[in-house]
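> Next comes the sequence, and after it the predicted model I'd like to discuss.
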Amino acid sequence: MPPKFRHYALLAVLAFLAALPGRMSLPPLDRDEPRYMQATAQMLSSGNFLDIRFQDQPRYLQPAGIYWLEAGAVKTSEIITQDETLRHESWPYRIPSLLASICSILLTAWIGTRLFGFSTGLLAAGLLMVAPLFAAESRMATIDSTLLLDILCLQALLLCHFTDMQKGRTTPCRSSILYWSALGVGMMLKGPIVLIPALGTLISLSICLRSTALIRQLRAGWGWLLSVLTVLPWCLGIALVSHGEFFRRAVGHNLLGKIAHPQETHGFPPGYYLLLFLLAFWPGALAAIRSLPALWQRRAKPETLFLLCWIIPHWLIFECLATKLPHYVLPTYPAIAILVAASLTVWPLVPLRSLWMKLGVSLYALTWGLAGLLFCLAGPVLLYRMEGHLFADALIPALGSLPLLLAGLRLIWKQNWSGGALCAMGAALLTETGIFLCVIPHLTSIQLAPRIAESFRELRPCPDSALISPSYREPSLVFLTGGRARLLPPSQAAHELHDHARCDLALLDRKDDPAFQQELARLGTESILYDQFDGLNYSNGHRLHLRLYASSEKPTR
């Protein structure tokens, strides 16, 4: 029975419920997410939707598309709730990622259905939904979830052209217009990087087919003009406003710099994504390895070829880049999920003939099982190690997921791979829900920025007080204080507190405290301790002992 609208509507509801836990309770996750949030908040406050800034620094990394989406989500939320304080809450900025993740699940199901049938599409959507990398990215107000949706739109439209070409039909012109427009939208989100999955698939298919018919089917002769026209107005505007500085930084430093040199200590050798795949795509990773013999047999089939040309160029390019981050290969995960689902639903299981293949799959299955066990227990273990005690609600998801994991292992041992995958998916969903709902809210030691921001709001003596922070320089602190945190060196912080003694507060770590106090004493000012915070800065792993000071010239509270 072909899928109907109600089937996709039900899948959308399930995707929404799966993506909802933690969206309200998660604090801003350093460091990229609060930078997006704060830059968007400043965009709304200033009314400047062209020149993107984080405090007084230009944020010239990618075009303004994601900031516009987040600004629209925040403004809409403010209008609906009549509450302008939402601008300093995290959840409105995460609405585009939520909607994009739901649509990505639906498109994955649609592409899988078009290629292999509804059962394959549905299973592929489930595998993507519970993949830890997708679950994490879909909860953050960053660019990756919306970029994934745009790439899925491109691949879905390319599949329509590819299918029509195979059947000797001419694709309607509107589909070509949508394809090239989506490519322009992708460039507004991430710049030229979207060309890798988009044109990589198109060129790879053309090479494999030894034909340019698909390029002609897409009407590339004039279609590229639509992509250029989509992004050109903003490019001209930012070029004038920044005097060309945006392109020097975004293309010269951010894009080309990542190709040749690892940035921000994110340099890894080739093979990084392959090693990370076990955790990032758990539990589908084991079925992906087991599906390789069947995949090899069907590599020339049109539906398999399309997905391989989607995956391989993108994966290889990012494995070769000097800078590597886990989410760079996320756009390949829907295609991998569809292939894995096809191996579990429509392809017969191919026996492993070689002893080395049997040994390799067995070792990988053992590693997969250990990774699943650690994954299911990660929440309670992390909570106990960081906070020194457990909470009952954090144990419930672990106790529910472990039996499912064990049942999945037993079914896989009996060669019931589809049943084992379903059990493991249930374990993953329970574990992720538990981590976001029951574990992270209890991890107070890593939530330094929310605790500091709350104390600052209660203790600040003036409505326009600034928080001078030499020691804790995370973007989340800037966002949660409404942009009032100023990140200065200790000696300069002492001067600022001396010059604005009646209003400002200073936040110092124990290691920076002596230099700050010495400079403050030289200026003839004494400090008053208002509050203290102990915790872990998980962005760099440093344990901090922070103290919130006011000037003695200020009336004590």
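Structure received. Residues are numbered from 1 along each chain as shown.
> Just give the nearest non-adjacent residue to residue 7, would you?
Nearest non-adjacent residue to residue 7, counting by C-beta to C-beta, 6 or more residues apart in numbering: residue 118, 7.3 Å away. No exception for glycine: its C-beta is placed from N, CA and C like everyone else's.
> Ramachandran coordinates for the one you found?
Dihedral angles of residue 118 (phi, psi; degrees, to the nearest 10) stand at phi -70, psi -40.
> which parts of the helix or strand hosting residue 378 are buried?
Secondary structure assignment for residue 378, by DSSP states H and E: helix 355-387. Using 16 or more other C-beta atoms under 10 Å as the burial criterion, the residues of helix 355-387 that qualify are 361, 364-365, 368-369, 371-373, 375-380, 382-383, 386-387.
> which helices and strands does it pack with?
helix 272-280, helix 284-290, helix 392-413, helix 417-434 (3 or more C-beta pairs under 8 Å, 6 or more residues apart in numbering; DSSP states H and E).
> among these, which gets the worst mean confidence?
If the helices and strands packed on helix 355-387 are sorted by mean pLDDT, helix 392-413 sits at the bottom with a mean of 92.
> what's that one in contact with?
For helix 392-413, the external contacting residues (C-beta atoms under 8 Å, 6 or more residues apart in numbering) are 283, 286, 365, 369, 372-373, 376-377, 379-380, 383, 417, 419-424, 426-428, 430-431, 433-435, 437-439, 442.
> How about stretch 227-235?
Here stretch 227-235 has contacts from 50, 63, 64, 180, 181, 183, 184, 185, 187, 188, using C-beta under 8 Å, 6+ apart.
> Identify, from those residues, the entry nearest to residue 16.
Nearest to residue 16 among the contacts of stretch 227-235: residue 185, at 23.0 Å, using C-beta to C-beta.
> show me what contacts that closest one?
Contact analysis of residue 185 by C-beta under 8 Å, 6+ apart lists 65, 150, 230.
> For residue 227, see how far away it is.
Distance, residue 185 to residue 227, using C-beta to C-beta, to the nearest Å: 9 Å.
> go on, residue 99?
Separation of residue 99 from residue 227 (C-beta to C-beta) stands at 23 Å.
> residue nearest the centroid of the chain?
Among the residues of the chain, the one closest to the centroid is residue 137, at 2.7 Å (C-alpha atoms, centre = their mean).
> hey, which helix or strand in this protein has the poorest pLDDT?
Ranked by mean pLDDT, DSSP states H and E, the helix or strand of the chain with the weakest confidence is helix 256-260, at a mean of 60.
> Which strands or helices does the one helix or strand residue 477 maps to pack on?
Using DSSP H and E, residue 477 falls within helix 475-480. Under the contact criterion of 3+ C-beta pairs under 8 Å, 6+ apart, helix 475-480 touches helix 32-46, helix 448-459.
> ok, now with 10 Å
Helices and strands touching helix 475-480, by 3 or more C-beta pairs under 10 Å, 6 or more residues apart in numbering; DSSP states H and E, are helix 32-46, strand 53-54, helix 448-459, strand 467-468, strand 485-486.
> Pipe these into a markdown table and attach distance to residue 506 and mean pLDDT per row.
Shown next, in a markdown table, are these (distance: least, C-beta to C-beta, whole Å; pLDDT from 0 to 100):
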| stretch | distance to residue 506 | mean pLDDT |
| --- | --- | --- |
| helix 32-46 | 21 | 93 |
| strand 53-54 | 21 | 92 |
| helix 448-459 | 11 | 93 |
| strand 467-468 | 4 | 94 |
| strand 485-486 | 10 | 92 |
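> Those: which one's closest to residue 326?
So among the helices and strands packed on helix 475-480, helix 32-46 is nearest, using C-beta to C-beta, at 12.5 Å.
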